[in-house]
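Colleague: Turn this into a structure:
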Amino acid sequence: MNISHRYKKLMAVGMPQRMTRLALYERVWSGPLTVLAPQFGISDVALKNTCRRFEIPVPPRGYWAKLQAGKTTTKIALPPRAPGMDDEVVVGGGNRHWYGQLTNEEILGPLPEPPSFPEDIALVRDRIRKIIGKVSVPRVLTARHPSIERLLAEDDTRQQKQLNSTHPFSWEMPVFEGPFEQRRLRFLNALFLALGRCGGKPEVRGREAREIGVAVHQTRVALTLDRPPAGRRKAAQGAPVSEHLCFAILAGYDREERASWQGGGGASLSNSPGDRCGGRNLRRDHLPRKLYPQI
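Modeller: Coordinates of the predicted model:
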């Protein structure tokens, strides 16, 4: 591919460059960050922060002086890519006033080589299982995730407001007092604590915690944990409902259900054919691909 003069000029002054984790790892171990960073149009601190986000080790302080003096040095190995982490890294991004003059092809530059994943997917799963460990749902919330702690604190505030009000409003009632909502919180708490072991950061929106998402490195996944759709309709109408709990992974702007599990009043969920939440059964190809790094 012929690279235009403008593209070459932008490369020289810090146009964003796309490369694999391995390629950036080799670059940062080829010379001091203070020398390498200007090639991307950023500071050495910004380059070091980029490496930290993608778990790319950088030479420690004094490494290059020791190497030049002939002393023994150790090159830190690149660790395996974490679940949810992109293999492509975008470095740089200065001089954005040039971008309007470029075509999409010029901005993106030469096409990168297709990604390769040397680690077998079975080994990846085993590694992630070891990181997360056993996940259990206790009957009593003891170790609380900060997101769950916040929801309970807000519920306590609503309860105190109800007790102190002479004319309490129904829409200001505590949300998580009933057994179903307590069970929901216990499942969410166990899920959030487990995801935190592999870098997951949950996000809960709404007073009833019905909008749930999690970011695992560069991958974001929308979740739902509630009654099955039929149960939610009955609850909205005030009719008696079962205590079944449905957990689902959603995708897209329309929040399409990609995989689901359902359980009764116990502390486990299944994805057996008779226990679906109204969507498709769980299959590996329904899961977000970046959650399994090597797929």
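
Colleague: where does residue 68 fall, phi/psi-wise?
Modeller: Residue 68 has phi and psi values of phi -70, psi -30 when expressed as degrees, to the nearest 10.

Colleague: how about the helices in the stretch 101-250 of the chain?
Modeller: Secondary structure of the stretch 101-250 of the chain by DSSP state H, counting those that start in this stretch: the helices cover 104-108, 121-132, 146-164, 179-196, 229-237.

Colleague: Please name every helix or strand in contact with whichever strand or helix holds residue 258.
Modeller: For residue 258, the host element (DSSP states H and E) is strand 256-263. Helices and strands touching strand 256-263, by 3 or more Cβ pairs under 8 Å, 6 or more residues apart in numbering; DSSP states H and E, are strand 245-251. All C-beta atoms are positioned from the backbone trio N, CA, C, and that covers glycine.

Colleague: Please, where are all the strands along the chain?
Modeller: Counting by DSSP state E, residue ranges of the strands within the chain are 17-20, 88-91, 200-205, 211-216, 219-226, 245-251, 256-263.

Colleague: Residue 67 contacts residue 75, doesn't it?
Modeller: No: using Cβ atoms under 8 Å as the test, residue 67 is too far from residue 75 to be in contact (9.9 Å).

Colleague: and the residue sitting furthest away from the middle of the chain, what pLDDT?
Modeller: Most distant from the centre of the chain: residue 166, at 44.6 Å, with distances by Cα atoms, centre = their mean. What the model reports as pLDDT for residue 166 is 82.

Colleague: First-to-last residue distance for stretch 134-152?
Modeller: Counting by Cα to Cα, to the nearest Å, you get 25 Å between the two ends of stretch 134-152.

Colleague: Contacts made by it with the rest, please.
Modeller: If you take Cβ atoms under 8 Å, 6 or more residues apart in numbering as the criterion, stretch 134-152 is touched by 175-176, 185-194, 196, 202-204, 209, 267-268.

Colleague: how does it look with 10 Å?
Modeller: 174-176, 181-183, 185-197, 201-204, 206-209, 212, 263, 266-269 (Cβ atoms under 10 Å, 6 or more residues apart in numbering).

Colleague: Same question for stretch 57-76.
Modeller: Counting by Cβ under 10 Å, 6+ apart, residues outside stretch 57-76 touching it are 24-25, 28-36, 44, 47-48, 50-52, 56, 77-79.

Colleague: Now do the end-to-end distance for it.
Modeller: Between the opening and closing residues of stretch 57-76 we find a distance of 6 Å, counting by Cα to Cα.

Colleague: As JSON lines, the helices of the stretch 101-250 of the chain with mean neighbour count would be great.
Modeller: Below are the helices of the stretch 101-250 of the chain laid out as JSON lines (neighbours: other Cβ atoms under 10 Å):
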{"stretch": "helix 104-108", "mean neighbour count": "12"}
{"stretch": "helix 121-132", "mean neighbour count": "13"}
{"stretch": "helix 146-164", "mean neighbour count": "14"}
{"stretch": "helix 179-196", "mean neighbour count": "18"}
{"stretch": "helix 229-237", "mean neighbour count": "13"}
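
Colleague: out of those, which comes closest to residue 114?
Modeller: In this view, the helices of the stretch 101-250 of the chain are compared for proximity to residue 114 by Cβ to Cβ, and helix 104-108 is the closest at 15.2 Å.

Colleague: Count the residues that sit near the nearest residue to residue 159 once chain neighbours are set aside.
Modeller: Counting by Cβ to Cβ, 6 or more residues apart in numbering, the nearest residue to residue 159 once its immediate chain neighbours are dropped is residue 174, at 4.6 Å. As a burial measure, residue 174 scores 17 neighbours (other Cβ atoms under 10 Å).

Colleague: isn't residue 174 right up against residue 153?
Modeller: No: with contacts counted by Cβ atoms under 10 Å, residue 174 stays clear of residue 153, the gap being 11.6 Å.

Colleague: for this structure, which spans come out with low pLDDT?
Modeller: Segments of the chain classed as low confidence (criterion: pLDDT under 70) are 1-15, 93-109, 111-113, 115, 230-242, 264-295.

Colleague: Okay, the residue nearest to residue 77 when sequence neighbours are not counted and residue 86: tell me how far apart.
Modeller: Leaving aside its sequence neighbours, residue 77 sits nearest to residue 57 (Cβ to Cβ, 6+ apart; 7.6 Å). Distance of residue 57 to residue 86, computed by Cβ to Cβ, to the nearest Å: 17 Å.
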